[in-house]
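Trainee: Sharing a model that was predicted from the sequence below.
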Amino acid sequence: MKTKFILLVLSVYLSSISVINALELPAESAVPGGIAIISIHTEEKPEAYLNDQRVMVVGSSDNWKAIVGIPLTEKTGSQVLTVKNNDLKTNYQFEILNKEYETQYLTIKNKRKVNPNKQDMSRIVAEKEIISKAKSHWRDSDNITLQFIKPTEGPYSSPFGLKRFFNKQPRKPHSGLDIAAPKGTPIAAPANGIVINTGNYFFNGNTVFIDHGQGLITMYCHMNHIDIKEGSQVKTGDIIGKVGLTGRVTGAHLHWSVILNNTTVDPLLFLAK
Ligand SMILES: [Zn+2]
């Protein structure tokens, strides 16, 4: 009888831990390039979609949270999350607030990295397909860490979302967070995951993609060396490679991107603690 009671207490204690873990969320910031967190009260785990992209859902019965990555290109104002529960479809309206990102002007000495030649272009097109596939990867998982450790030591040198000009020509906004560090500084996995792609790409240089589950993907660029193989499982803190200056760079740094529902969001939202 006594043993039974202890077991009961233990199981209540353990289940309360798992509830706490499930509620460790990223910081919310419902702006373009940010994250909206939407509560869904259904008994069974629903599926959620934004612009036809599957969205991460975490939590437990009657207390689900959709963790919605908002594209940098999204307009401010009302947006709709579509929630599917069995055959039932419900629209959840939410508001996207405004955020003004700074402008940055960069001078790239290697002009081919700003205006690639014909041969470079065919390489870029082929690579774009591989990169898009990695960013849109989906794997079901109910055990996702939503608070990360910083993947490398060093100051932030370029925030996420900067409007960018390379050699005075407008280019896409900055899709990650840059951490300045000397060549050879180790880069660690910020959370548990599976390495789904490694490669050497024209703009991004030596690159690693880690899949953390349910469309949460992290990307590491310009690496000097990749120390991990495709298909490897990584745990928080495992070394995946070293900082370098491969690809389109002005100096040694780690470009770190975080992707949710196939859209890049501000990595700082996952470093809230
Ligand atoms: Zn960058």
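Mentor: Arrived safely, thanks for sending.

Trainee: Once you drop chain neighbours, what's closest to the closest residue to the ion within the chain?
Mentor: Here the residue of the chain nearest the ion is residue 255; by Cβ to the ion that distance is 3.3 Å. Every C-beta, even on glycine, is put in place using the N, C-alpha and C of the backbone. Closest residue in space to residue 255, ignoring its immediate chain neighbours: residue 221 at 4.0 Å, by Cβ to Cβ, 6 or more residues apart in numbering.

Trainee: List the strands paired with the host helix or strand of the one you found, with their directions.
Mentor: Per DSSP states H and E, residue 221 falls inside strand 216-223. Strand pairing for strand 216-223, using DSSP bridges, gives strand 205-213 (antiparallel), strand 253-260 (antiparallel).

Trainee: Among these, which comes closest to residue 180?
Mentor: Across those, residue 180 has its closest neighbour in strand 253-260 (4.8 Å, Cβ to Cβ).

Trainee: Contacts made by the closest one with the rest, please.
Mentor: 35, 55-56, 67-69, 135, 151-152, 154, 157-158, 175-181, 185, 187, 204, 215-223, 243, 245, 264-267, 269-270 (Cβ atoms under 8 Å, 6 or more residues apart in numbering).

Trainee: returning to what we had before: which one of the strands paired with strand 216-223 lies nearest to residue 131?
Mentor: Nearest of those (Cβ to Cβ): strand 205-213, 8.0 Å.

Trainee: residues near the residue of the chain closest to the ion, how many?
Mentor: By other Cβ atoms under 10 Å, 24 other residues sit near residue 255.

Trainee: what residues does this protein put near the ion?
Mentor: When proximity is defined as Cβ under 5 Å from the ion, the chain approaches the ion at 176, 178, 255.

Trainee: One more pass at 8 Å, please.
Mentor: Taking Cβ under 8 Å from the ion as the measure of proximity, the chain contacts the ion at 158, 174, 175, 176, 177, 178, 221, 222, 253, 255, 256, 257.

Trainee: so the fourth one touches residue 221, yeah?
Mentor: Yes - here residue 176 reaches residue 221: they are 7.4 Å apart, a contact under Cβ atoms under 8 Å.

Trainee: Listing request: residues of this structure with sub-threshold pLDDT.
Mentor: The model of the chain has pLDDT under 70 over residues 1-23, 272-273.

Trainee: domain ranges for it?
Mentor: Domains of the chain are assigned by automatic domain parsing as 29-99, 103-270.

Trainee: Doesn't residue 133 lie inside a helix?
Mentor: Yes - judged by DSSP: H, G, I helix; E, B strand; the rest coil, residue 133 forms part of a helix.

Trainee: Point me to the helix or strand that includes the nearest residue to it once chain neighbours are set aside.
Mentor: Nearest residue to residue 133 in three dimensions, chain neighbours excluded: residue 197, at 7.9 Å (Cβ to Cβ, 6+ apart). Assigned by DSSP H and E, residue 197 belongs to strand 193-201.

Trainee: That strand to strand 205-213, inter-axis angle?
Mentor: Relative orientation of strand 193-201 and strand 205-213, computed by axes from the mean of the first three to the mean of the last three Cα atoms, to 10 degrees: 160 degrees.

Trainee: Show me the strands in the stretch 51-200 of the chain, by range?
Mentor: For the stretch 51-200 of the chain, applying DSSP state E, counting those that start in this stretch gives strands covering 53-60, 63-69, 77-85, 88-96, 103-106, 156-158, 163-166, 169-171, 177-180, 186-188, 193-201.
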